[in-house]
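>>> Sharing a sequence plus its predicted fold:
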Amino acid sequence: MKLAALLLVTALSLLTMPTTQAQTPINVVTTVGMITDMVEQIGGDRVQVTGLMGAGVDPHLYRPTARNIQTLQNADIIFRNGGNLEGRMGNIFDRLNRRIPVYTLMDAMPSERLFAHPIYEGFFDPHVWFDVSLWSEGIDAVVDGLSALDPAGAAVYAANAAAYRGKLSALDAYIAEAAATIPEEQRVLITAHDAFSYFGARYGIEVRGLQGVSTEAEAGVQDVQNLVAFVVDRRVPAVFIETSVPQRTLQAVVEAARARGWEVRLGGELFSDAPGDSGTLEGTYIGMVLHNLIAIVPALGGELPPLPGALAAYQLMFEEA
Ligand SMILES: [Zn+2]
């Protein structure tokens, strides 16, 4: 009994201690893998990051488990994408934000560069990571959030952020260079859902998705027919499946085009809304973008240029992929 009382007093005194300095590593919880990766790049040893959505998980359809909610409640800080990407997580973030800082990466991006969401009024298209220069703006949210919680680490976060920005800037230039090798009339990217609008706009590629911006609604017969007509008319050489979206409807496009005498290839898998397994090229944000380029550029008749020096760390896996 005495021990219990002593523990209680100790616990109370800990609670009332001044909290000016955060305990490191900071317990960070993130939603999608692209953000998990960014926070790890910027936070380094000062953070311990738990990403809720792993490889192959579709964020549009993702509902948190009781365990996920527990993980969120225990976080020191939370980073999410916004734009209704984590739409089925509902107002969890608003409730958590009453006591835990929640940072939304899209809030750090210039709104004039965001596209309106075609379905959810008042929201932006959430697939901002495929314009690498735009995604890079989200770094500010991570630096601000971590530095506010852990001022002693601010210089480290700023330096890591500058290094990461440099890599993303090299990646951005590389994609533009690679896209420019595709013959102009073949710069058309057809995928299962509309995840690539920012990619297309930034790098000069026309984009068509079968399912719209969210994966919540299934493609209808009319959607398939319209896309087939487009593929046949434009003599599109390849269409692409996505790892986080079932491929059956896109397969139907390939078969219908074939019936009309146009042989369109089912191109390699694209990582759209989630990176791949860790330890593979596509297991990081930069690697997943490179993986997509390897799938897209040659299939549409282009040729991949050599990787820039800033991305040398990816060279080996890039060659093997
Ligand atoms: Zn999506």
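Sure, I can see it.
>>> hey, where'd the helices end up in the chain?
For the chain, the helices defined by DSSP state H occupy 2-15, 33-43, 66-73, 92-96, 132-137, 139-149, 154-179, 197-203, 221-234, 248-259, 285-299, 315-320.
>>> Format those helices as CSV; extra columns: mean neighbour count and mean pLDDT.
(C-beta placed from N, C-alpha, C; glycine too.) Formatted as CSV, the helices of the chain follow (neighbours: other Cβ atoms under 10 Å; pLDDT from 0 to 100):
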stretch, mean neighbour count, mean pLDDT
helix 2-15, 9, 53
helix 33-43, 25, 98
helix 66-73, 14, 96
helix 92-96, 15, 95
helix 132-137, 21, 98
helix 139-149, 21, 98
helix 154-179, 17, 98
helix 197-203, 20, 97
helix 221-234, 16, 89
helix 248-259, 17, 90
helix 285-299, 22, 97
helix 315-320, 13, 91
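>>> Tell me which of those helices lies nearest to G279.
Of all those, helix 315-320 sits nearest to G279, with 9.4 Å by Cβ to Cβ.
>>> Show me what the closest one is packed up against.
Where contact means 3 or more Cβ pairs under 8 Å, 6 or more residues apart in numbering; DSSP states H and E, helix 315-320 is packed against helix 285-299.
>>> The helix it packs on versus helix 154-179: what angle between them?
Counting by axes from the mean of the first three to the mean of the last three Cα atoms, to 10 degrees, helix 285-299 lies at 0 degrees to helix 154-179.
>>> need the contact list for the closest residue to A108 other than its chain neighbours.
Distance criterion Cβ to Cβ, 6 or more residues apart in numbering; nearest residue to A108, sequence neighbours excluded, is A141 at 3.9 Å. A141 sits next to 79, 103-105, 107-108 when contact means Cβ atoms under 8 Å, 6 or more residues apart in numbering.
>>> of the helices of the chain, which approaches the ion most closely?
Ranking the helices of the chain by proximity to the ion (Cβ to the ion) places helix 197-203 first, at 10.2 Å.
>>> circling back: can you tell me which of the contacts of A141 is closest to A195?
Closest to A195, out of all of these and judged by Cβ to Cβ, is L105, at 16.1 Å.
>>> What count of nearby residues applies to the residue of the stretch 51-200 of the chain found nearest the ion?
The ion sits closest to A195 of the stretch 51-200 of the chain, with a gap of 4.3 Å, by Cβ to the ion. Applying other Cβ atoms under 10 Å, we find 28 residues neighbouring A195.
>>> Start at 524, not 1
Okay, residue one is now 524; in that scheme the one you just asked about reads as A718.
>>> Correct me if wrong: it contacts F794.
No. At 9.6 Å, A718 does not count as touching F794 under the criterion of Cβ atoms under 8 Å.
>>> what touches both of the two?
E765.
>>> ok, R758 - contacts?
W785.
>>> swap in the one 4 residues further on?
Residues touching V762, when contacts are defined by Cβ under 8 Å, 6+ apart, comprise 713-714, 754, 773, 776-777, 787-790.
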